[in-house]
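Enquirer: Provided below are the primary sequence and the corresponding predicted coordinates.
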Number of protein chains: 2
Amino acid sequence: MNLITVSREFGSGGRELGKCLADLFGCDYYDREIITAIADSRGLDEQYVEQVLDSHGWKNIPIRYGRSFRMINSGRMGVDLLVEQKRVIEKIGAAGKDCVIVGRNADLLLAEYQPFRIFVCADSASKLKRCRMRSADGENLSDKELSRKIKEIDRVRAQSRDMIGGTPWGQRENYHLTVNTGGWEIQRLAAAVAEFVKLYFGRV
Amino acid sequence: MNLITVSREFGSGGRELGKCLADLFGCDYYDREIITAIADSRGLDEQYVEQVLDSHGWKNIPIRYGRSFRMINSGRMGVDLLVEQKRVIEKIGAAGKDCVIVGRNADLLLAEYQPFRIFVCADSASKLKRCRMRSADGENLSDKELSRKIKEIDRVRAQSRDMIGGTPWGQRENYHLTVNTGGWEIQRLAAAVAEFVKLYFGRV
C-alpha cells in the first residue's frame, strides 16, 4: 500500500494539499470521512464528534439528543472518541488501499505501513488569511482572537499526539518533508510534493 | 538573481544536497569558499577561522602564527570573523549571480534577494552514520560523544543566528521546505527539491 499522511497546522492548507495529492495519484482521501465514520459507528452527531475531538474533550460541549440540547462534560467522551478514531484509522490501514490521510495522528497509528509523512505549516499571516477565506467561523473574531484560536487548535493536536506517544507533533525529524505553504498556490505545491512521493515509493 | 540557501543540522547531508542543487542548476556554490575568503581577507589560517566560527568564539583555540602555535581566547576574534563573514556573504549577494549558499545564516543576511530557503535535517542515527562516513573526526569518539558534538555544533549554529536576529534557527516557518534526508539518497532528493526551486523561481 502507498500511504501518504498529512499532518498540518490549522489554517495551513494541509487539507487542500492532501486532496490535491489524492487527485494526482487517483487514490482515496480521508479527512472528514473519518469523523463521519466515528459519528455513524457511535450514533452521534458529526459536528459534536468533531467538537469533542478538536477540544480534546476537556470542555463542556452542547450535545444534541433528537431536538434537545444539553451541556455535557466531554472528558470521558473525548477518550472514547479517540479510541474509536484509532479503530477507524487502523481499519483504513488494514484495507491496504493507496490513500492520503489528513491529520488525526495517522502517521503514528499506521507507522507499520511506512507512510510518506508530510507536515504542512505556514506563517501566521497566511494562516489567518486562509481561515478567513474558507469559513464563516472567524467572521466575528479579531485577528488576535483568531490567532489565539489557531494556536489553541494546534495545541490540542499536539496534545492528542502526545497521548498516543511517539515523538512530538510538528518536530521536523518525524516527517519526510515539511512544507511551508505561505505565498504558494497549493495545487502547484502538490505537484512538487508528488515528486518526493514518487521517489519514496520507488516510482521514479 | 536566483538564490538558494541551505541551512542544515550538522551531519544531515545539507552540504551535499546544496552541491547537488548547484550542479543541477549549473550555478555557483558557496560553502567552504566563504571560510577561504574570510581567511584570505584577514590573513588567517582557514582551519582556525572555521574553528572560531564553529565554536562561536567562546573557547580557547590554538592559533598558528607562521610555525608557532599559541592558545588565544577567541571571544573578540569570533565577533570579528562573524562581521567579516557577513561582509563576504553580502558581497556574494551584491554580485547578483545565481548561486547556492550553504549555512552561515545566508538566508537571513540575504533576505532582500528573496532566496529559496531550505532546511535540512535527519534523525540522529543517520547523522551519526554520515559523520562517521565522511571524516576521520569522529573516529575516536563513542556514539554518545559524537552525538553530543553534533548537538553542540547545532547549538552554536542556532546561537549565531540569534546574534543576527530574526526568527530561530530551524523553525519550520522560516523555510520554504524542510527536508529530512534520513534513509534517502541525497542526489535523488536533490532532483525532487529542484522541482520546488523551479516552481519558486517561476521556471515551471
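Expert: On my side now, so go ahead.
Enquirer: and the residue of chain A that's closest to chain B?
Expert: A:T178 (3.6 Å; C-beta to the nearest C-beta). Quick note: C-beta positions are derived from backbone N, CA and C, even for glycine.
Enquirer: ok, the residue nearest to the spatial centre of chain A - contacts?
Expert: Centroid-nearest residue in chain A: A:G103, 2.5 Å away (criterion: C-alpha atoms, centre = their mean). By C-beta atoms under 8 Å, 6 or more residues apart in numbering or on different chains, the residues touching A:G103 are A:V6, A:S7, A:R8, A:G14, A:R15, A:D31, A:R157.
Enquirer: show me the contacts for the third one.
Expert: Spelled out, that is A:R8. Going by C-beta under 8 Å, 6+ apart, A:R8 touches A:G14, A:R15, A:L17, A:V102, A:G103, A:F119, A:V120, A:C121.
Enquirer: ok, now with 7 Å
Expert: A:G14, A:G103, A:F119, A:V120 (C-beta atoms under 7 Å, 6 or more residues apart in numbering or on different chains).
Enquirer: and the furthest pair within those?
Expert: Spatial extent of the contacts of A:R8 (C-beta to C-beta) is set by the pair A:G103 and A:F119 at 10.8 Å.
Enquirer: please enumerate the shared neighbours of these two.
Expert: Taking C-beta under 7 Å, 6+ apart as the criterion, A:G103 and A:F119 both touch A:S7, A:R8.
Enquirer: now intersect the contacts of A:G103 with the helices, please.
Expert: Under the assignment DSSP state H, the contacts of A:G103 contribute A:G14, A:R15, A:R157 to helices.
Enquirer: picking up where we left off before, got a ChimeraX select line for the buried ones in the contacts of A:R8?
Expert: Here is the ChimeraX command that picks out the buried ones among the contacts of A:R8, judged by 16 or more other C-beta atoms under 10 Å in any protein chain shown:
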select /A:14,103,119,120
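Enquirer: which of the contacts of A:R8 fall in helices?
Expert: Counting by DSSP H, the contacts of A:R8 contribute A:G14 to helices.
Enquirer: any weak-confidence spans in chain A?
Expert: Residue ranges of chain A with pLDDT under 70: A:56-76, A:135-139, A:203-204.
Enquirer: kindly recompute the last result at 50.
Expert: Applying pLDDT under 50 to chain A picks out residues A:66, A:204.
Enquirer: ranges for the helices of it?
Expert: With DSSP H as the criterion, chain A has helices spanning A:14-25, A:32-42, A:46-55, A:75-95, A:106-109, A:124-134, A:143-164, A:186-200.
Enquirer: check the ones you listed for me and report the most buried one.
Expert: helix A:106-109 (a mean of 24; mean count of other C-beta atoms under 10 Å in any protein chain shown).
Enquirer: how far away is A:E152 from A:R32?
Expert: To A:R32, A:E152 is 20 Å away according to C-beta to C-beta, to the nearest Å.
Enquirer: again but with A:Q171, I slipped
Expert: 26 Å.
Enquirer: again with A:T167
Expert: Taking C-beta to C-beta, one finds A:T167 at 26 Å from A:R32.
Enquirer: go on, A:E185?
Expert: 23 Å.
Enquirer: and for A:V83?
Expert: 19 Å.
Enquirer: what parts of chain A come near chain B?
Expert: A:121, A:123, A:172-173, A:175-180, A:188, A:192, A:195-196, A:199 (C-beta under 7 Å from any C-beta of the partner chain).
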